[in-house]
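following is a predicted model, sequence given first.
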2 protein chains.
Amino acid sequence: MTTTRKITSLDVAKRAGVSRSAVSRVFTPGASVSERTASKVREAANALGYRPNVLARAMLTGKSKIIGLVVAYLDNHFYPTVLELLSEALEREGYHVLVFMAAHSADDVEDVVSQILDYQVDGLILASVSLSSDLANRCRASGVPVVLFNRKLEAEGELAVVSDNRMGGRLAAEHLISLGRTRIGHIAGWEGASTQRDREAGFMEGLRAAGLGLFAREVGDYRLPRAKEAARRMFDTPDRPDAVFVANDYMAFGVMDVLRSELGLRVPDDVALIGFDDVPSAAWPAYSLTTIRQHAEAMVTTAVEALLSEIGGTEVTSPAPLPVTLIRRGSA
Amino acid sequence: MTTTRKITSLDVAKRAGVSRSAVSRVFTPGASVSERTASKVREAANALGYRPNVLARAMLTGKSKIIGLVVAYLDNHFYPTVLELLSEALEREGYHVLVFMAAHSADDVEDVVSQILDYQVDGLILASVSLSSDLANRCRASGVPVVLFNRKLEAEGELAVVSDNRMGGRLAAEHLISLGRTRIGHIAGWEGASTQRDREAGFMEGLRAAGLGLFAREVGDYRLPRAKEAARRMFDTPDRPDAVFVANDYMAFGVMDVLRSELGLRVPDDVALIGFDDVPSAAWPAYSLTTIRQHAEAMVTTAVEALLSEIGGTEVTSPAPLPVTLIRRGSA
DNA sequence: CAGTCTCGTGCAAACGCATGCAGTGAGGGA
DNA sequence: TCCCTCACTGCATGCGTTTGCACGAGACTG
């Protein structure tokens, strides 16, 4: 086993007949180097296959160029999409994403964030995870900017990027009402999430504006099995809703499966269904799910922008909630 | 803005009245420290909120405890699943995953891997991406173990974790044949991928064993739009197949959509459909896709095991292809 | 031609930690 | 009592960079 020694800037320096500082400067954009030495160094570096050690640089500059991403589950297709966009956007800015999976429990998040901080990440994105406020303080104490993605914290002035969930809920209500539905139900997500609260608040607002109340309500916790059980409880009765707003697409798929496959109900004839997110598969003909679209690209762009500003030292306030759009498809 | 100074092992040492070495040893499992100083140090560390800097440790020990993961696209639900399992498995071993998105093109992979190596990753997992052999050499020269996931490289002795794709293809053929189908087609994935070649080879084997040939063949490149086009070409004709093996589930969904929604064909009555992977949504009633299951957990476990052994210095050879299973559902 | 500026370069000091080595003290056996 | 052993601890060095500082050489200016 030929243990190839690690090549350092010193090796390059010797070969190019210059000092370590010179090679360093060649690889530091905006540093003062003559074209002559630069080319000598580049040549030597190529010959030796040298690339600066990011970790060593990180220690000195305090900037690791890595962003921690905490995400709870990837089975909801919204998050893989986000992860992909996020990673691409950050790579474009010279950063990379260190992934941390967190289970639901809050103490787990606590633990996970500690681990992240060990890596001296330059910033932190918490997607679909609730953050205790003292944890937020810990991060701030460590000087690590945090942005909450698709979730917000009522109390503190935490940086949070969210869609206009309230408006989304309202649009959902208005659309169902415009269809002439009157017995309208709601299958909620996890009630600890701000998204859930806002979506439901907007939805209720929309119902009230039309003089309607909620016909039925169940909780699905943003989980597929839970959502299916919720659907069974809500619909396996003669006196059932004729429309339902499901708090996200992922659950809506499960609900639609129960309605059509288990209960023999027709969508949208017997019951109209509307979701939230507009994940790619919502457009697939097998579901053709009417939904409220969250603009993932815009959310990601906004989040990255905010995070990088904060990293750059600019004090940033939470951007306004991003607009959502009603996407009409076959289910409502 | 209260810029909280970063707390180092020296701060802890001072507060505990010991030397930096002592602090270091407390956080190094297996080092020689008395219980008395250990508790003093731990107390001080907690009070100050100290945690060892992983990067600094990485420089010294040469082990960064981070694993690079290169993945091309996350819209195929197989990969988010894998990412989740992989991250969890590695976290259990004290590692974390640095994600790199790579487009299809080989030169992009080249570039991406260079970037990864800058981070001094302890290992590299390439999922759904092909590795040029000189790139493999570069990695080996840097002393970074690499394992290919769900892809293999014919030429070199690269470490690769794959399912028994050949057997999977064969199972698919046998199942369709057992259903009495005779006009059997295949919609292929990306032909540069070893998975595609193996699946198709096994499939052809199965057909031949029954004295059958391929009735039709199109290429979907593992991409959804391509697969739909392929389906249109294959089925928008009176003389169409009565069964088709689609090289993965993701494409199979698109194919089924085209068959049912665009062409008004019934699955499985008019045409039987079988996929590959068994992603979670294959089980959803709206598709109820018969498929060849790849055991993602087993693949991940195997990959992690192999990678860690290699990191540990043990010379490892590629594990045997992992078994696959036929999952019968409604589509065939 | 002297003075001033600019540009390019090398030196050396950090960054935060791990670890070999030597030294301390306590305990135990003879 | 003396010496050896052993568990523990501190010192100092090094990991691969970046960067402030000083210095030398030209290039300009007047």
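Good, I have the coordinates.

burial count for the residue in the stretch 101-250 of chain A positioned nearest to DNA strand C?
Going by C-beta to the nearest atom of the strand, DNA strand C is nearest to residue A:120 of the stretch 101-250 of chain A, at 8.3 Å. No exception for glycine: its C-beta is placed from N, CA and C like everyone else's. Using other C-beta atoms under 10 Å in any protein chain shown, residue A:120 has 21 neighbouring residues.

what's the distance between the closest residue to it other than its chain neighbours and residue B:37?
In this structure, residue A:120 finds its nearest non-sequential neighbour in residue A:64, 4.8 Å apart by C-beta to C-beta, 6 or more residues apart in numbering or on different chains. Residue A:64 sits 31 Å away from residue B:37 when distances are taken as C-beta to C-beta, to the nearest Å.

just residue A:327 next, same as before
For residue A:327, the distance to residue B:37 equals 63 Å [C-beta to C-beta].

next, please give the residue ranges for the helices of chain A.
For chain A, applying DSSP state H gives helices covering A:9-16, A:20-26, A:35-48, A:54-61, A:78-92, A:106-118, A:133-141, A:165-178, A:194-209, A:224-235, A:249-257, A:296-311.

switch these over to JSON lines; also include distance to residue B:154 and mean pLDDT.
Below are the helices of chain A laid out as JSON lines (distance: least, C-beta to C-beta, whole Å; pLDDT from 0 to 100):
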{"stretch": "helix A:9-16", "distance to residue B:154": "35", "mean pLDDT": "94"}
{"stretch": "helix A:20-26", "distance to residue B:154": "39", "mean pLDDT": "95"}
{"stretch": "helix A:35-48", "distance to residue B:154": "29", "mean pLDDT": "94"}
{"stretch": "helix A:54-61", "distance to residue B:154": "33", "mean pLDDT": "94"}
{"stretch": "helix A:78-92", "distance to residue B:154": "29", "mean pLDDT": "95"}
{"stretch": "helix A:106-118", "distance to residue B:154": "39", "mean pLDDT": "80"}
{"stretch": "helix A:133-141", "distance to residue B:154": "48", "mean pLDDT": "72"}
{"stretch": "helix A:165-178", "distance to residue B:154": "50", "mean pLDDT": "98"}
{"stretch": "helix A:194-209", "distance to residue B:154": "48", "mean pLDDT": "97"}
{"stretch": "helix A:224-235", "distance to residue B:154": "40", "mean pLDDT": "97"}
{"stretch": "helix A:249-257", "distance to residue B:154": "39", "mean pLDDT": "98"}
{"stretch": "helix A:296-311", "distance to residue B:154": "38", "mean pLDDT": "96"}
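
give me whichever of the ones you listed is most buried.
helix A:249-257 (a mean of 26; mean count of other C-beta atoms under 10 Å in any protein chain shown).

which other residues reach that helix?
Applying C-beta atoms under 8 Å, 6 or more residues apart in numbering or on different chains, the contact partners of helix A:249-257 are A:75-78, A:187, A:189, A:220, A:222-228, A:230-231, A:244, A:246, A:267, A:273-279, A:281-282, A:287, A:289, A:291, A:331, B:281, B:284-286.

just the buried residues of those residues.
Listed as buried from those are A:75-78, A:187, A:189, A:220, A:222-224, A:226-228, A:230-231, A:244, A:246, A:267, A:273-279, A:281-282, A:287, A:289, A:291, A:331, B:281, B:284-286; burial here means 16 or more other C-beta atoms under 10 Å in any protein chain shown.

quick one: neighbours of residue A:320, just the number.
Residues lying near residue A:320 (other C-beta under 10 Å) number 10.

phi and psi next, for it.
Backbone torsions of residue A:320, given as degrees, to the nearest 10, read phi -60, psi 150.

quick one, grab the pLDDT at it.
Note for residue A:320: predicted pLDDT of 95.

can you tell me how far it is from DNA strand C?
Look at residue A:320 and DNA strand C: by C-beta to the nearest atom of the strand, to the nearest Å, they are 37 Å apart.

ok, residue A:12 next?
In terms of C-beta to the nearest atom of the strand, residue A:12 sits 11 Å off from DNA strand C.

just checking, that residue touches residue A:50?
Yes: using C-beta atoms under 8 Å, residue A:12 is in contact with residue A:50, at 4.8 Å.

circling back to that earlier point, so which of the buried ones among the contacts of helix A:249-257 sit within strands?
Among those, the ones falling in strands (DSSP state E) are A:187, A:244, A:246, A:273-277, A:291.

kindly indicate which of the residues you listed lies nearest residue B:318.
Of all those, residue B:318 sits closest to residue A:277, with 39.8 Å by C-beta to C-beta.
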